[in-house]
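Undergrad: sequence plus the predicted model coming up.
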Amino acid sequence: MNRLVQHFRALAHANRLANYRLHRACSKLTHDEFKAARTSFFPSLWATLNHILIVDWYYIAALYRERDMRRAFASETPYDNMRELAAAQVKSDQRLIDWCDSADDAALDAQIEMDRETFVQHDLARHVLMHLLTHQIHHRGQAHAMLAGTAIKPPQLDEFLMPSETHYRVDDLAALGWTEADLFGQRA
Amino acid sequence: MPAMANFGLTSVFLHGKEHFVNYVVYGMASSGNCHKVKMALDHLRLPYQWRETDTLKGETRTPSFLAMNPNGQVPVLAVDEKTYLPESGAILWYLGEGTPLVPEDRFQRARVLQWMFFEQYSHETAIAVARFLRAFLKKLDDPRLPELQKRGYAALGVMDRHLSDRAYFVGDALSIADLALFAYTHKADEGGFDIAPYPAVRAWLERVAAAPGVSVMPSP
């Protein structure tokens, strides 16, 4: 199998794993704590997690060549509560995994059209993926920092993805229904 | 709850929206001359921004557009913030130079230009103009159409004879001459042309359509 395809499959799974850990922790907050004003670029956990979701919607729609990708920005905060937001994020993460699972070299090298309202941006799918995955890591870090200001312990998002460190994620993988081979995109 | 003022959609694109990313193309998606540029960029897998510019709404006649191209036409390729290149043929040459889309041999390079000049003088002026009258302006009984039909079919005949014993217009590989001729030929039906009697052209259209980055031009 092509190594770049495999690499993006692993990153799409890592993205799901990180969202799972972050959302599980945030689900322990009260609704008021979830929406409380805090210090960050998007100044609450509620706003930040919604931002991660709508940006996923936008770029994943672009990868699937859906013309109405800007519908993702109809609302900046489509979900008011953590339960609904988490359910929507699960669906979105799975769509990204599915895209990477069915991708080949040609798909990664294809030009993707991104509707920016006043112009259409064209970049290769592999560059769009790189941008999207990095963008989400950036904002999850902000959520992690805001969570540190609550009674809930922020989850481990910064490590535990080495193949030799399987013991750190046994419970998470069981909850997600994955094997180690799934996580690293090695499924046949 | 703090003010949401800094929370606008622009923040989504904070890292790139108005930033100048590589090439910018001012073009109209349903224009064949513009579609040539899109196909070259897509074939070469170059990043670019496409700024849709509607010629029918006068968007090529504004002072800012005329500053880029005094001739008031799309496409225009912005190479950087102050360097603008109009004319699809010039843009194709600029993008294709140094890639497999432009041959290295001096005579073969001239052959590429030969077919690109043919396209602009004998092909586009008939087939694209007939398409413009019929598909854009809906003037199905325009008095110019019979003459355009005659000249367009003559151009298709020239292409068919040339392609009868070769796969591409120049040499044995796809070049910018093929992209230039593909643009209006694959939508010749919208100009009222029937390409059924031109089997070599039809086979060539299929061959070019299968190349990476080659796409069907949207109808008006």
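TA: On my side now, so go ahead. Numbers count the residues shown, from 1 in each chain, chains lettered A, B, ... in the order given.

Undergrad: what about the closest residue to residue A:114 other than its chain neighbours, which helix or strand?
TA: Distances taken as CB to CB, 6 or more residues apart in numbering or on different chains place residue A:121 nearest to residue A:114, at 4.2 Å, with adjacent residues excluded. The C-beta positions use only the backbone N, C-alpha and C, and glycine is treated the same way. Using DSSP states H and E, residue A:121 falls within strand A:120-124.

Undergrad: can you give me the helices for the chain?
TA: This is for chain A. Here chain A has its helices, by DSSP state H, at A:3-26, A:31-35, A:45-63, A:82-102, A:105-108, A:125-147, A:170-176, A:180-183.

Undergrad: ah, I was thinking of chain B
TA: Secondary structure of chain B (DSSP H): helices at B:32-43, B:63-68, B:88-96, B:106-118, B:129-131, B:145-163, B:176-185, B:199-209.

Undergrad: for the one residue sitting closest to the centre of chain B, give me its contacts.
TA: Geometric centre of chain B, nearest residue: residue B:36, 2.4 Å, by CA atoms, centre = their mean. Contact partners of residue B:36, counting by CB atoms under 8 Å, 6 or more residues apart in numbering or on different chains, are B:75, B:88, B:91-92, B:176, B:179-180, B:182-183.

Undergrad: do residue B:124 as well
TA: Residue B:124 makes contact with B:32-33, B:184 under the criterion CB under 8 Å, 6+ apart.

Undergrad: okay, these in TSV with pLDDT, distance to residue B:79 and neighbour count next?
TA: What follows is the contacts of residue B:124, written out as TSV (pLDDT from 0 to 100; distance: CB to CB, whole Å; neighbours: other CB atoms under 10 Å in any protein chain shown):
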residue	pLDDT	distance to residue B:79	neighbour count
B:32	98	22	25
B:33	98	18	23
B:184	98	25	28
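
Undergrad: what sits up against stretch A:172-184?
TA: Contact with stretch A:172-184 is made by A:6, A:9-10, A:13-14, A:16-17, A:20-21, A:163, A:166, A:169, A:187, as judged by CB under 8 Å, 6+ apart.

Undergrad: need those residues in JSON lines with distance to chain B, neighbour count and pLDDT, can you?
TA: Below are these laid out as JSON lines (distance: CB to the nearest CB, whole Å; neighbours: other CB atoms under 10 Å in any protein chain shown; pLDDT from 0 to 100):
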{"residue": "A:6", "distance to chain B": "21", "neighbour count": "15", "pLDDT": "94"}
{"residue": "A:9", "distance to chain B": "22", "neighbour count": "23", "pLDDT": "95"}
{"residue": "A:10", "distance to chain B": "24", "neighbour count": "18", "pLDDT": "94"}
{"residue": "A:13", "distance to chain B": "25", "neighbour count": "24", "pLDDT": "96"}
{"residue": "A:14", "distance to chain B": "21", "neighbour count": "18", "pLDDT": "95"}
{"residue": "A:16", "distance to chain B": "22", "neighbour count": "20", "pLDDT": "97"}
{"residue": "A:17", "distance to chain B": "24", "neighbour count": "21", "pLDDT": "96"}
{"residue": "A:20", "distance to chain B": "24", "neighbour count": "18", "pLDDT": "97"}
{"residue": "A:21", "distance to chain B": "24", "neighbour count": "20", "pLDDT": "96"}
{"residue": "A:163", "distance to chain B": "31", "neighbour count": "10", "pLDDT": "88"}
{"residue": "A:166", "distance to chain B": "35", "neighbour count": "12", "pLDDT": "89"}
{"residue": "A:169", "distance to chain B": "30", "neighbour count": "19", "pLDDT": "93"}
{"residue": "A:187", "distance to chain B": "28", "neighbour count": "14", "pLDDT": "68"}
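
Undergrad: my guess is residue B:217 contacts residue B:35. True?
TA: Yes - with contact defined as CB atoms under 8 Å, residue B:217 reaches residue B:35; the gap is 4.2 Å.

Undergrad: start to end distance for stretch A:152-164?
TA: In stretch A:152-164, first residue to last residue: 28 Å (CA to CA, to the nearest Å).

Undergrad: circling back to that earlier point, out of the contacts of residue B:36, who's nearest residue B:102?
TA: Nearest to residue B:102 out of the contacts of residue B:36 is residue B:176 (CB to CB; 6.1 Å).

Undergrad: gap between the closest one and chain A?
TA: Distance, residue B:176 to chain A, using CB to the nearest CB, to the nearest Å: 18 Å.

Undergrad: need the contact list for that residue.
TA: B:36, B:40, B:92-93, B:95-96, B:101-102, B:112, B:116.

Undergrad: out of those, which are buried?
TA: Buried members of the contacts of residue B:176, counted by 16 or more other CB atoms under 10 Å in any protein chain shown: B:36, B:40, B:92-93, B:95-96, B:101-102, B:112, B:116.

Undergrad: any chance of the contacts of residue B:124 in TSV, plus distance to residue B:66?
TA: Putting these into TSV (distance: CB to CB, whole Å) gives the following:
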residue	distance to residue B:66
B:32	22
B:33	18
B:184	26
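
Undergrad: low-scoring stretches of the chain, by residue?
TA: In the absence of a named chain, chain A is used. Across chain A, the ranges flagged by pLDDT under 70 are A:1, A:160, A:187-188.

Undergrad: correction: the question concerned chain B.
TA: Scanning chain B for pLDDT under 70 picks out B:1-21.

Undergrad: domain parsing of it, as residue ranges.
TA: B:20-96, B:106-209 (automatic domain parsing).

Undergrad: please name the nearest non-neighbouring residue to the most far-flung residue of chain A relative to its centre.
TA: Most distant residue from the mean C-alpha position of chain A: residue A:118, 26.5 Å away (CA atoms, centre = their mean). Nearest residue to residue A:118, sequence neighbours excluded (CB to CB, 6+ apart): residue B:51, at 7.0 Å.

Undergrad: and residue B:198, what does it touch?
TA: B:156-157, B:159-160.

Undergrad: of those residues, which are in range of chain A?
TA: Applying CB under 8 Å from any CB of the partner chain to these, one finds that nothing falls near chain A.

Undergrad: counting neighbours, which of those residues comes out on top?
TA: Each of the contacts of residue B:198 was scored for neighbours by other CB atoms under 10 Å in any protein chain shown, and residue B:159 scores highest at 23 neighbours.

Undergrad: tell me how far residue A:66 lies from residue B:214.
TA: According to CB to CB, to the nearest Å, residue A:66 and residue B:214 sit 22 Å apart.

Undergrad: the two: which is more packed in?
TA: Using other CB under 10 Å, the more surrounded residue of residue A:66 and residue B:214 is residue B:214, with 22 against 14.
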